[in-house]
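*Asks:* Mind folding the following:
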Amino acid sequence: MNAQPTSSLDRAPQVNVSSYIRGTGMSVPDRVIPNSYFESYLETNDQWIRERTGIIERRWAEPTMSMSDLALPACERAIASAGLTAADIDGIVVATVTPDYVFPSTACVLQKKLGIRGSLAFDVNAVCSGFVYALVTAEGLVRSGAATNMLVVGADMFSRLIDPNDRTTAILFGDGAGAMVLSAAGESNTAPTGGPRVPVIGSPRTTRGIYGSQLHADGSHGDLLCVPGGTAAPVTPESLRDNKHYLTMNGREIFKLAVRGLAEVSDSLLKRHGMEVGDVDHYISHQANARILTAVAKQLGLPVEKLALNVEKYGNTSAARVPLLLAECVSTGRVQQGDLVLISAFGAGLTWGAVLVRM
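*Replies:* The predicted structure is shown next:
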């Protein structure tokens, strides 16, 4: 009798896991901005936007809403989904480029609103890759024993950064927030003598948790996607008059670099862990443009049914994109416990990265 063929998961080495995704949550503003909104004052139309981006509508926050106001419900839902209370959270990291203030950090603002005291809290800035950077940072903190239950948040309000009269960028961006609770793996949530945790070693077929990650950046392309305002380019009456404080983007170059970067980092991460794209149940990637995602899937050889999409409803919400999509997939039952998920993102900086996780 011929032996049954084995999959790459059977041949892959055991995984070393220190934390797992315990709960997820999302929130978006109530205000819906359909493509027809732009037809009233820009030289564009619904069909043009759909064909080139896959976007049908996006959500914009009201002027009175702050970033923490939008993010708070996502945080509360993630904590409840994890079966925890705010008192169980001992670390918060927020990925955003549209904070409530220059300082204090939005993480500290959310800590106060959640009624938490004493836990570590800080923000990270990697723009659209921000949540992936925050998730990898949180995993390291849990692994080190510095935290047991990390609240990881991606939230942005790009409606505050776009030039409403620039038809190449105004149509792309929306506002949103996503959150997850990353908890220590294993039966015991206590780090031995306050030091690094003893990881869970197990089969890549069944073990829940973060398997691995890769992060990259290339600052030489920073001018391709940026908001050119800050200490290097202070806001002046002239810059305000010329709209130089708004987001600018070279869409053609970003498209090419995003497809290449997302495909390469995803392929590299799978190979590092002895896995193949066929082992992945769901590909959760940054939702900037449907054409970018389908191009990445084609390059990876990923079946289209494994590519999760909701860009048509929310547009590009920057750091919120990955956790928002994951939370929605979990809430609808598309992603279930035990599924192998490949997460990736690409953003300004340039920055990009990927995380491999079994839910």
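*Asks:* tell me which element the spatially most central residue of the chain is part of?
*Replies:* Among the residues of the chain, the one closest to the centroid is residue 322, at 3.2 Å (CA atoms, centre = their mean). In the assignment (DSSP states H and E), residue 322 maps to helix 321-331.
*Asks:* That helix - contacts with which helices or strands?
*Replies:* Packing partners of helix 321-331 (3 or more CB pairs under 8 Å, 6 or more residues apart in numbering; DSSP states H and E): strand 19-27, helix 67-81, helix 130-144, strand 149-157, strand 175-184, strand 282-285, strand 340-347. Backbone N, C-alpha and C define where each C-beta goes, glycine included.
*Asks:* As PDB, could you dump the C-alpha coordinates of the last one?
*Replies:* To tie it back to what came earlier, the one meant is strand 340-347. Presented in PDB, the C-alpha positions along strand 340-347 are these (Å, rounded to 0.1, in the frame of the first residue of the first chain):
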ATOM      1  CA  LEU A 340      -4.200  29.500  10.600                       C
ATOM      2  CA  VAL A 341      -4.100  33.200   9.700                       C
ATOM      3  CA  LEU A 342      -1.400  35.100   7.800                       C
ATOM      4  CA  ILE A 343      -1.500  38.800   8.700                       C
ATOM      5  CA  SER A 344       0.300  41.400   6.600                       C
ATOM      6  CA  ALA A 345       0.500  45.200   6.100                       C
ATOM      7  CA  PHE A 346       2.300  47.800   4.100                       C
ATOM      8  CA  GLY A 347       2.500  51.500   4.800                       C
END
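*Asks:* got the residue ranges for the helices in the chain?
*Replies:* Taking DSSP state H as the test, the helices found in the chain are 8-11, 36-39, 46-53, 67-81, 106-114, 130-144, 237-241, 251-272, 290-300, 311-314, 321-331.
*Asks:* Tell me, how many residues neighbour residue 232?
*Replies:* Residue 232: 6 surrounding residues under other CB atoms under 10 Å.
*Asks:* Kindly apply the preceding question to residue 306 instead.
*Replies:* Residues near residue 306, counting by other CB under 10 Å, number 17.
*Asks:* Contacts only, for the closest residue to it other than its chain neighbours.
*Replies:* Closest residue in space to residue 306, ignoring its immediate chain neighbours: residue 283 at 5.4 Å, by CB to CB, 6 or more residues apart in numbering. With contacts defined as CB atoms under 8 Å, 6 or more residues apart in numbering, residue 283 is in contact with 266, 297, 300, 302, 306-308, 341-342, 344.
*Asks:* now swap in residue 356 and tell me
*Replies:* Residue 356 sits in contact with 210-213, 269-270, 273, 275, 340-343, where contact means CB under 8 Å, 6+ apart.
*Asks:* and the nearest residue to it once chain neighbours are set aside, what does it touch?
*Replies:* Nearest residue to residue 356, sequence neighbours excluded (CB to CB, 6+ apart): residue 211, at 4.4 Å. By CB under 8 Å, 6+ apart, the contact set of residue 211 is 15, 17, 204, 273, 356-358.
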